[in-house]
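[1] predicted structure and sequence below. I'll ask about it afterward.
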Amino acid sequence: MSVDVMCTMTISDMSYDTPGLRVLIFGDKLDSLPRVKVVGDIIRFHRVTMQNFNGIPQAVANVSKFSAYVLLSGKKDDSYEPYQTSSKGFTFEQHDRNIIDLIRDWIVTHPIGTGGGEYLVQIRRLKEGAFFDLCCKVLYVHNHAPDYAILMYVWDGTDAQPVDDMALHLLEADNAYREDMDPKHLPLSRLSQDVLRSLPSKGTILPVVPDIPSEELRPQLPPLGAWVKFRNLTCRIRHGSYEAVFMRESKISLLGPDSKLVKDCEGNYQQRAFSEEAGLPEWSPKPLECLTVTDYEHVPFSTLREVFCHAQVTQKFRCLVQVVAIWPVKVTDFCAPSSFRQKQMTLEAHSMKDNTAGKVAGYGRDLSQINKPNGYTYRIQLTVEDPTARIQAYLCAEDATRFFNGHPPADLHNNGIVVDALERKAYKLLGLPFNNKAENSSSLRKHSPPWIKCCLKSYYLDKENPWSSRRFRIFGTTLPG
DNA sequence: TTGGGG
């Protein structure tokens, strides 16, 4: 049991380049530890103890007792003035300046952290339960997140793989599952328009959650927009999405914009952004084997993050997504008496008038349906996702009839044939085996919903609050068969 | 002393 604080670093110079020397630094408080501004800076140690750990030499510095350090920039032509020292009474002579010059020159031709190490993975290679290092950009930091809440969102330009047991994960969340709890949706819906616009359009945004009190992590939180290297994170799945867990054994270090790790990430992303498959998730089938057909087949795909972050409230898109949940759960509830919906439909029709896109004018017809004798209308919510975001999209009225390739709205409680047909389609969308639908949840394991293309449009319910009342719905899409 | 890739 110790009350000391500790940090580790790997140091190298021209005499000991790879793998470098591991240094463990103990102090009595966080402020006494060296806080390296950027990997590649220079540190001078005094009175470290050399040890041998598992056959590998390592140094131990005890700053609260006898060791000391001086920390300064590793950049050529920067000041010789240290930006942090463990004690006030340090000396710095011409001899030291000469060594600093030598090291600064050497760094230019020997970039730091080139290999990345055996544990380094990209977000696209994340596996549940794995321990890994990650080079990534910090897109957002919750400076005042409570303990164990999402602390930051990071990105490396790659797409996380679809989660295998999606239905199971969402079932476990059960009633607790809400749009605003969605780890992929939450960051987006809480962010200001400015931040949303600044997000890259592709690549998974990974939440990082601390497994230690946030208080311990807060002092070392990186600045927004910084590139960092995490050491020894672990990965778990929550509500069907990956999250990285920052453990007591995890470490974070700031990377300079010139480091090879960062250049590699940026280069890969640029390559991807300008490739033929720019709009496609890395994990969707190629060539596209889609269950659905859409209007506007010539329109390029947008990612769901582009949909969510778009600068206009009302807009139309074509997307390639997986349906991970359908509500209502019972197909017999897919249609409801229209009168329930009359008020909202009126509002939606109203908002459509402000949509400059011509093809949505038909929404006024929803209103005429309300007064039809049968008085039923489709009202379904699909949770759709791609590697960039998860959103709730409504499938309503004529768009639903079109989607299901027939089956006009009706009271489905007395219509076994239609219910059977719709159930088959719902199971197909979710990638579930229809024959086992009554079995226990083990039949849900290992399913990954098929990718479907769909047209999506955004609209709003309240003219006074267009952004907060923004919704999405599916249109122009058919699931044949 | 502590911890060090669980």
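    Alright, I've got the coordinates.
[2] tell me the bridge partners for the residue of the stretch 251-400 of chain A found nearest DNA strand B.
    Closest approach between the stretch 251-400 of chain A and DNA strand B, counting by Cβ to the nearest atom of the strand: A:Lys251, at 7.6 Å. From N, CA and C alone the C-beta is placed, and that goes for glycine too. With DSSP bridges applied, A:Lys251 shows beta-bridge pairing to A:Arg231.
[3] burial of it, as a residue count?
    When neighbours are defined as other Cβ atoms under 10 Å, A:Lys251 has 16 of them.
[4] so it touches A:Pro222, yeah?
    No - A:Lys251 sits out of contact with A:Pro222 when judged by Cβ atoms under 8 Å, with a separation of 12.0 Å.
[5] just list the residues touching A:Glu282, thanks.
    A:124, A:158-159, A:387 (Cβ atoms under 8 Å, 6 or more residues apart in numbering).
[6] pick the one among these closest to A:Lys29.
    Ranking those by separation from A:Lys29, with Cβ to Cβ as the measure, puts A:Thr158 on top at 38.2 Å.
[7] burial check on the closest one, number of neighbours?
    Other residues within reach of A:Thr158, judged by other Cβ under 10 Å, total 23.
[8] on that earlier part again, scan the contacts of A:Glu282 and report the most crowded one.
    When those are compared by neighbour count (other Cβ under 10 Å), A:Pro387 ends up highest, at 27 neighbours.
[9] correct me if wrong: that residue contacts A:Ala160.
    Yes - judged on Cβ under 8 Å, A:Pro387 makes contact with A:Ala160 at a distance of 5.5 Å.
[10] how close does the nearest residue to A:Asp156 once chain neighbours are set aside get to DNA strand B?
    Residue nearest to A:Asp156 in three dimensions, not counting chain neighbours: A:Cys136, with 4.4 Å by Cβ to Cβ, 6 or more residues apart in numbering. A:Cys136 sits 14 Å away from DNA strand B when distances are taken as Cβ to the nearest atom of the strand, to the nearest Å.
[11] is any part of stretch A:106-120 close to DNA strand B?
    Yes - judged by Cβ under 7 Å from any atom of the strand, stretch A:106-120 and DNA strand B are in contact via A:117-119.
[12] tell me which helix or strand comes right after the helix or strand containing the residue nearest to A:Asp156.
    In this assignment (DSSP states H and E), A:Cys136 forms part of strand A:131-141. Per DSSP H and E, strand A:131-141 leads on to strand A:152-155 as the next helix or strand towards the C-terminus.
[13] can you give me the helices for the stretch 51-200 of chain A?
    Secondary structure of the stretch 51-200 of chain A by DSSP state H, counting those that start in this stretch: the helices cover A:94-109, A:166-173, A:186-190, A:193-198.
[14] would TSV of those helices with mean neighbour count and mean pLDDT be doable?
    Compiled in TSV, the helices of the stretch 51-200 of chain A are given as follows (neighbours: other Cβ atoms under 10 Å; pLDDT from 0 to 100):
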stretch	mean neighbour count	mean pLDDT
helix A:94-109	13	94
helix A:166-173	18	65
helix A:186-190	18	67
helix A:193-198	12	88
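[15] and A:Phe434, which of those is closest to it?
    Within the helices of the stretch 51-200 of chain A, the stretch nearest A:Phe434 is helix A:166-173; the backing value is 13.5 Å (Cβ to Cβ).
[16] quick check: the closest residue to A:Lys316 other than its chain neighbours vs A:Pro285, distance?
    Leaving out its chain neighbours, the residue that sits closest to A:Lys316 by Cβ to Cβ, 6+ apart is A:Lys457, at 4.5 Å. In this view, A:Lys457 and A:Pro285 are 25 Å apart by Cβ to Cβ, to the nearest Å.
[17] settle it for me: which of those two has more neighbours?
    A:Lys457 (23 against 12).
[18] next helix or strand past the helix or strand the more buried one falls within?
    With elements delineated by DSSP H and E, A:Lys457 resides in strand A:451-460, which encompasses its position. From strand A:451-460 onward toward the C-terminus, using DSSP H and E, the following helix or strand is strand A:470-475.
[19] what does the residue lying closest to A:Val228 once chain neighbours are set aside show for phi and psi?
    Computed as Cβ to Cβ, 6+ apart, the closest residue to A:Val228 that is not its neighbour in sequence is A:Pro222, at 5.0 Å. Here is the backbone geometry of A:Pro222 (degrees, to the nearest 10): phi -80, psi 160.
[20] check contacts around A:Pro222.
    Taking Cβ under 8 Å, 6+ apart as the test, what A:Pro222 contacts is A:138, A:141, A:152, A:228, A:252, A:254.
[21] pipe these into a markdown table and attach neighbour count and pLDDT per row.
    Compiled in a markdown table, those are given as follows (neighbours: other Cβ under 10 Å; pLDDT from 0 to 100):
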| residue | neighbour count | pLDDT |
| --- | --- | --- |
| A:Val138 | 20 | 96 |
| A:Val141 | 19 | 91 |
| A:Met152 | 26 | 92 |
| A:Val228 | 23 | 95 |
| A:Ile252 | 19 | 93 |
| A:Leu254 | 20 | 91 |
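[22] residues of the stretch 101-250 of chain A that sit close to DNA strand B?
    For the stretch 101-250 of chain A, the residues found near DNA strand B under the criterion Cβ under 7 Å from any atom of the strand are A:117-119, A:131-133, A:231-234, A:249.
[23] please report which of the residues of stretch A:106-120 next to DNA strand B has the highest neighbour count.
    When neighbours are counted as other Cβ under 10 Å, the busiest of the residues of stretch A:106-120 next to DNA strand B turns out to be A:Tyr119, with 14 neighbours.
[24] same for whichever strand or helix holds A:Ala426, what does it pack against?
    If you go by DSSP H and E, A:Ala426 is part of helix A:416-430. Helix A:416-430 makes packing contacts with strand A:315-327 when contacts are defined by 3 or more Cβ pairs under 8 Å, 6 or more residues apart in numbering; DSSP states H and E.
[25] run through chain A and note the low-pLDDT ranges.
    For chain A, the stretches flagged by pLDDT under 70 are A:1-3, A:113-116, A:167-187, A:279, A:286-288, A:340-374, A:436-447.
[26] center of it, which residue is that?
    A:Ile205 (2.0 Å; Cα atoms, centre = their mean).
[27] pretty sure it contacts A:Gly157?
    No - at 10.8 Å, A:Ile205 does not count as touching A:Gly157 under the criterion of Cβ under 8 Å.
[28] thinking again about what came up before, for the residue nearest to A:Asp156, give the beta-bridge partners.
    Applying DSSP bridges to A:Cys136 yields these beta-bridge partners: A:Val228.
[29] so how far is A:Gly117 from it?
    Using Cβ to Cβ, one gets 15 Å for the distance from A:Cys136 to A:Gly117.
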